[in-house]
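Asker: fold the following.
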Amino acid sequence: MNRRTFLKTSGALGLSAGLPVNAHEAITPGFPNYNPKIKRVIHLCMAGGMSQLESFDNKPLLREMDGKVMPESMTKGKQLAQLQGKQLKCFGGRFDFHKHGQSGLEISDKFPHIAKHADKLCVINSMHTDQINHDPAHTVFNTGTILPGRPSMGSWINYAIGAETNDLPGYVVLVSQGGGQGQPISSRQWSNGFLPGKTQGVQFNSKGDAVHYVNSPKGVTLDHQSRLIENIAKLNKHLRTKQNDPAIETRIAQYELALKMQTSVPALTDYSKESKATLGMYGCKPGDGSYASNCLMARKLAENGVRFIQLYHRGWDHHGNLKGAFPNAAKLTDQATAALISDLEQRGMLDETLIVFGGEFGRTPMAQGTGRDHHMSAFTHVVLGGGIKGGINYGKTDEFGYEIAENPVHVRDMHATILHLFGIDHHRLSVKFQGLDSKLTGVHKAKVIKEILA
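Answerer: From the prediction side, this is the model:
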């Protein structure tokens, strides 16, 4: 993301559609409905669909049944992606699981660093979603619906309670590089939709300058730019008195934010104060584009008041070569994820941060060659931090890991729970758009997962 693009897409160069003229608030933005437990979310998205059966959902029977035909009674009439119409054979977990911590949580041996935090983790084994392909499933997880043009979760949160910082966007996205990650992630996944443009996610570059062209042009001082922005703001405010268009306020705010970012972004990407011990803990070279580097950046963004931080790590779409590819993907994410948890904890920030770790869906317990197909009916997410019970499993799948057996958790339930931790009632967070009351949790039933709350 360069500064020019940021200004244009966020509204500073003409955001005429940031908020429809027929939109109004059902709650007052900037005020939670009740006592919040967290200040921020760090969403670690394992894009591609990380296999729950090689990570956090151990299935001994499936391992025993490896290579045998899957019972037809379990799969008959069910939606599959690429396995539809093919003979379905059991595909046992490829790696060992061990119990960890006082809680005895079972975790794959491919996540030895995360396993050290077992007693902090809430492992939800009963997640399910509505979509079986990548982009639609990402869209549902981010916006709660498959419909285009809807606001993302990070935008809803920033709309409801605002940002903690005036010098950085309230919603920042990082997409890691390396590890054979070819799957694209569309920028509409962090769209503000019909909410004000200032609530949209802003993608920072993972490698090199976080924001291009953040420095003033040659011969132009920061003082000169400040006066220019001030004069533009006066003109926009004059226009605002003549036209009842909320987009003008957004335009003013984004010009001012872009100017502030000329100071805040260089400070954010200065790693000179990071100790060798910290860098070693993450196992990264700052600014190299890796997931590890982005985890370190996530901590810095959290320290600087960014409300919603989203990291995408691709490379989990293992239709084949699961045994060879999965360990590599796990190695790229395990140490850095654990380091982020430790770093937030040692800085006294973990109790006010919610970390969400997981993909857009899971993988089938049936083989697809040497890999697994997409599976939307049962998968795993790990949550931890502020307001969350640690060292627990919530929900359960059947002995094959195909269907949910106890306590199903839809993506919308996750949304309702995250909003609850921010002190927001998901029923009341609503905006009138095109004559309808639109919500992150939509018109379908959604519930707060009270059993996982501390």
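Asker: ramachandran coordinates for the nearest residue to Leu268 once chain neighbours are set aside?
Answerer: Using Cβ to Cβ, 6 or more residues apart in numbering and skipping residues adjacent in sequence, the residue nearest Leu268 is Lys300, 5.7 Å away. C-beta: built from backbone N, CA, C; applies to glycine. The phi/psi pair for Lys300 (degrees, to the nearest 10) reads phi -70, psi -40.
Asker: how close does Lys300 get to Glu345?
Answerer: Using Cβ to Cβ, to the nearest Å, one gets 16 Å for the distance from Lys300 to Glu345.
Asker: so where is this protein shaky, pLDDT-wise?
Answerer: For the chain, residues meeting the criterion pLDDT under 70 lie at 1-32, 181-182, 212-217, 219-222, 224-226, 228-233, 235-242, 244-256, 259.
Asker: which residue ranges of it form helices?
Answerer: 3-10, 60-64, 72-75, 112-115, 134-143, 153-161, 222-242, 246-268, 276-282, 291-303, 322-346, 411-421 (DSSP state H).
Asker: pick the most buried one from those helices.
Answerer: Each of the helices of the chain was scored by mean neighbour count; the highest is helix 153-161, a mean of 26, by mean count of other Cβ atoms under 10 Å.
Asker: count of neighbours near Lys273?
Answerer: 6 (other Cβ atoms under 10 Å).
Asker: likewise Tyr394?
Answerer: 19.
Asker: next, work out how far apart it and Asn328 are.
Answerer: Applying Cβ to Cβ to Tyr394 and Asn328 gives a distance of 29 Å.
Asker: tell me how far the residue nearest to Leu268 lies from Asp343.
Answerer: Taking Cβ to Cβ, one finds Lys300 at 10 Å from Asp343.
Asker: ok, now Gln243?
Answerer: 47 Å.
Asker: determine which of the helices of the chain approaches Val41 most closely.
Answerer: helix 411-421 (6.3 Å; Cβ to Cβ).
Asker: what sits up against the closest one?
Answerer: Residues from elsewhere that reach helix 411-421 (Cβ atoms under 8 Å, 6 or more residues apart in numbering): 36-38, 41, 127-130, 140-141, 144, 153, 156-157, 160, 354, 356, 381, 386-388, 425-426, 429, 440-442, 444-449, 452-453.
Asker: now that helix, how far from the chain's geometric center?
Answerer: Relative to its chain's centre, helix 411-421 lies at 13 Å (Cα atoms, centre = their mean, to the nearest Å).
Asker: with stretch 33-42 instead?
Answerer: 16 Å.
Asker: again, but for stretch 122-130
Answerer: 15 Å.
Asker: do the same with stretch 272-283
Answerer: Worked out by Cα atoms, centre = their mean, stretch 272-283 lies 24 Å from the chain centre.
Asker: same question, stretch 159-171
Answerer: Using Cα atoms, centre = their mean, the offset of stretch 159-171 from its chain centre is 16 Å.
Asker: distance of Leu421 from Lys285?
Answerer: 34 Å.
Asker: hmm, Arg63 is touching Gly92, no?
Answerer: Yes: the pair Arg63 / Gly92 is scored as a contact, 3.5 Å apart, by Cβ atoms under 8 Å.
Asker: so what sits opposite Phe97 in the bridge?
Answerer: Ser108 (DSSP bridges).
Asker: burial count for the nearest residue to Lys323 once chain neighbours are set aside?
Answerer: Once flanking residues are discounted, Lys323 sits nearest to Arg94: 4.7 Å by Cβ to Cβ, 6+ apart. Look at Arg94: counted by other Cβ under 10 Å, it has 21 neighbours.
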